[in-house]
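# need a structure here:
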Amino acid sequence: MTSYDVLMTVAKAADDKRAEDIIAIEMKKLSSIADYFMICHGNSDKQVEAIAKEIKDKADENQVEIKRLEGADEAKWILLDLGDVIVHVFQREERAYYNLEKLWGDAPTVDVTPAFNL
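Residues are numbered from 1 along each chain as shown. Here you go, the predicted model:
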């Protein structure tokens, strides 16, 4: 799978668990960390956990290695490192506080809504 395919797969997984305000940022020209960041949020720790689990399950199904998973114990901000795609699943308040979208405001966004219809 290309990094774009991985991005669309995780976007669909997040949408399936009713993640809110799913956005993707293209990082290729700004950072060597990853090709894409995906950011979304849930409204409770249980929903954040469910979103992250669905993303992990879909990655496993598609043989996409999860290099790192952090924050699952508290479920306020779960980070899933899929190599070229890094996913940030927040609780609403945490997302507003860290405001990664503003931090990476120079990066172009990627429309992931086509993934929702897959």
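# which strands or helices does the helix or strand containing Ala96 pack on?
Per DSSP states H and E, Ala96 falls inside helix 92-98. If you count contacts as 3 or more CB pairs under 8 Å, 6 or more residues apart in numbering; DSSP states H and E, helix 92-98 packs onto strand 36-42, strand 77-81. In this view, the C-beta of every residue, glycine as well, is placed from N, C-alpha and C.
# how far is that helix from where the chain is centred?
Relative to its chain's centre, helix 92-98 lies at 15 Å (CA atoms, centre = their mean, to the nearest Å).
# Ala59 against Asp81, yeah?
No: in this structure Ala59 lies outside contact range of Asp81 using CB atoms under 8 Å: 10.4 Å.
# shared neighbours of those two, anything?
Taking CB atoms under 8 Å, 6 or more residues apart in numbering as the criterion, Ala59 and Asp81 both touch Ile66.
# which one's more surrounded, these two?
Ala59 (22 against 16; other CB atoms under 10 Å).
# could you pull up the contacting residues of that one?
6, 9-10, 65-66, 80, 82 are the contacts of Ala59 under CB under 8 Å, 6+ apart.
# still on that earlier bit, save the helices and strands packed on helix 92-98 as CSV, and put in mean pLDDT and distance to Asn99 too.
Converted to CSV, the helices and strands packed on helix 92-98 look like this (pLDDT from 0 to 100; distance: least, CB to CB, whole Å):
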stretch, mean pLDDT, distance to Asn99
strand 36-42, 97, 10
strand 77-81, 97, 12
